[in-house]
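Novice: 3D model of this:
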Amino acid sequence: MRTDILRWTLMLLSVFLVAPSLANTVQLRHVVEEFLRAQTQAFPGKVSFSVGSVDLKSNFSACQDMQAFLPPGNRLWGRSMVGVRCNGERPWTLYVPVTVKVAGEYVVTARALAAGQVISEADLTRVEGDLTDLPPGSVTDTAQAVGHTVLVGMQAGRPLRADGLRQAYAVQSGQSVKLTARGQGFAVSNEGRALAAAQPGQVVAVRTAGGSTVSGVAKSGGVVEVRF
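Specialist: Purely as a prediction, here's the structure:
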């Protein structure tokens, strides 16, 4: 009889010890999931996430005020960590492993591309996959690549990266360009010759027909805009 009483006593004691930890764990996972849902709602594509195992030992006191945060150096993209701190009388902090996946479309080469080649729409195709598996700076819209120049040759089926492309020049060195100037109440234009190559938005020097040199902002179509 005493053995049975002792056994039941130990079982009840274990339940009381485990119950706070179990309640803490359920609440913590809920806090982390709500944090992930809020932080990823603006992500492109279809987002899914999972929360790794949580080990709340008995030394983690029961907590009614948990707050999730993103630890420094972490990013909610692929495998990451979310911190949870307890703001109660006996504060504690725990780091929970999470995985965030984003299903969406990205751009790959439809054929092999040579270094120096200017990309056309026919050179690209879109495929679906997990965007978090892609290298940093991967292109997800063909508009980000069409008209750009390939810096290093690429095989067909490879994801495009922005750092592997150069925006096409708006004007070439020695090219005849149209100089335009606008000010308050006036607009004039002239002809000149670019002294260097420039991409859209870059400043370039132009020598006019009269021999003077002016600087302006390169625009597409061989136009250089002088601003006042």
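Novice: Select the longest strand from this structure.
Specialist: Assignment by DSSP state E gives strand 92-109 as the longest strand of the chain.
Novice: residue ranges with poor pLDDT in the chain?
Specialist: 1-23, 55-59, 228 (pLDDT under 70).
Novice: quick one, helices of it?
Specialist: Here the chain has its helices, by DSSP state H, at 2-39.
Novice: Dig out what residue 188 forms beta bridges with.
Specialist: Listed by DSSP bridges, the beta-bridge partners for residue 188 are residue 181.
Novice: Go through the longest strand of the chain and flag the buried ones.
Specialist: 92, 94, 96, 98-102, 104, 106-109 (16 or more other C-beta atoms under 10 Å). No exception for glycine: its C-beta is placed from N, CA and C like everyone else's.
Novice: just checking, what packs against it?
Specialist: For strand 92-109, the packing partners by 3 or more C-beta pairs under 8 Å, 6 or more residues apart in numbering; DSSP states H and E come out as helix 2-39, strand 46-51, strand 78-86, strand 124-130.
Novice: Domain parsing of the chain, as residue ranges.
Specialist: Domain assignment for the chain by automatic domain parsing gives 2-102, 176-227.
Novice: Tell me the span between the first and last residue of the shortest one.
Specialist: Going back to what we said before, that points to domain 176-227. 19 Å (C-alpha to C-alpha, to the nearest Å).
Novice: What is the burial count for residue 71?
Specialist: 11 (other C-beta atoms under 10 Å).
Novice: do the same with residue 165
Specialist: A total of 20 residues lie near residue 165 under the criterion other C-beta under 10 Å.
Novice: hang on, residue 174 packs against residue 193?
Specialist: Yes. Between residue 174 and residue 193 there is a contact at 6.3 Å, judged by C-beta atoms under 8 Å.
Novice: higher neighbour count, the two?
Specialist: Counted by other C-beta under 10 Å, residue 174 and residue 193 do not tie: residue 193 has more neighbours, with 16 against 11.
Novice: so what's the more buried one up against?
Specialist: With contacts defined as C-beta atoms under 8 Å, 6 or more residues apart in numbering, the neighbours of residue 193 are 174, 175, 176, 177, 206, 207.
Novice: Please repeat the previous calculation with a cut-off of 10 Å.
Specialist: 171, 173, 174, 175, 176, 177, 179, 205, 206, 207, 208, 209 (C-beta atoms under 10 Å, 6 or more residues apart in numbering).
Novice: who wins for neighbours among those residues?
Specialist: Counting by other C-beta under 10 Å, top hit in the contacts of residue 193: residue 171 with 28 neighbours.
Novice: what's the closest non-adjacent residue to that one?
Specialist: What sits nearest to residue 171 in space, not counting adjacent residues and going by C-beta to C-beta, 6 or more residues apart in numbering, is residue 194, at 4.5 Å.
Novice: Please verify my assumption that the one you found contacts residue 172.
Specialist: Yes. The pair residue 194 and residue 172 passes the contact test of C-beta atoms under 10 Å, sitting 6.7 Å apart.
Novice: Residues that sit against both of these two, list them.
Specialist: The overlap between the contact sets of residue 194 and residue 172 (C-beta under 10 Å, 6+ apart) consists of residue 222.
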